[in-house]
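In: Return a 3D structure for these sequence lines:
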Amino acid sequence: MNEDDSIPLIGQVVRIMQGREAGQYAIIIKVVDDRYVLLADGEKRKYDRPKKKNISHIELMDYTSPEVQNSLLETGRVTNGKLRYAIAKFADEVVTDLKKGDQHDGERRCN
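Out: The predicted structure follows:
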């Protein structure tokens, strides 16, 4: 693992590990400094009221939404719909694979 893996990027999907929203996914909309980022998911956490989160309390996923990243870099903002879309797309592509593994665990437990 190189150092780049631990650097949060704008548009990157993260899993919140600590706090009220633990276990949920959100997207980095701003890197405040080397310890904090601003997160939004477009649903409970709208773009205009992001959550400031300590980097040590989130898990960086290996997925960055090009739509969100481009929107933020070009216009400095992103729509809540785009955030929801990016998280849904991430969930479809990545989380579905994890769920397939869960089903196998369930089948094994039944035997």
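
In: check which helix or strand covers residue 72.
Out: Taking DSSP states H and E as the criterion, residue 72 maps to helix 66-75.

In: So what's the gap between that helix and the chain middle?
Out: 15 Å (Cα atoms, centre = their mean, to the nearest Å).

In: That one packs against which elements?
Out: Contacts defined by 3 or more Cβ pairs under 8 Å, 6 or more residues apart in numbering; DSSP states H and E place helix 66-75 against strand 25-31, helix 80-90. The C-beta positions use only the backbone N, C-alpha and C, and glycine is treated the same way.

In: Not counting sequence-adjacent ones, nearest residue to residue 51?
Out: Beyond its immediate neighbours in the sequence, the residue positioned closest to residue 51 (Cβ to Cβ, 6 or more residues apart in numbering) is residue 39, lying 4.8 Å away.

In: my bad, residue 6
Out: Once its chain neighbours are removed from consideration, residue 6 has its nearest residue in residue 60; the separation is 7.1 Å (Cβ to Cβ, 6+ apart).

In: okay, that neighbour: pLDDT?
Out: Reported pLDDT at residue 60 in the predicted model: 96.

In: Now do the phi/psi pair for it.
Out: For residue 60, the backbone dihedrals (degrees, to the nearest 10) come out as phi -70, psi 120.

In: same check, this time on the one 5 residues further on
Out: Summarising the backbone geometry of residue 65 under the convention degrees, to the nearest 10, its torsions are phi -80, psi 110.

In: ditto for residue 43
Out: Its backbone dihedrals place residue 43 at phi -120, psi -80, with angles given as degrees, to the nearest 10.

In: and the helices and strands packed on helix 66-75, which is most packed in?
Out: Between these, the one whose residues have the most neighbours on average, counting mean count of other Cβ atoms under 10 Å, is strand 25-31 (a mean of 23).
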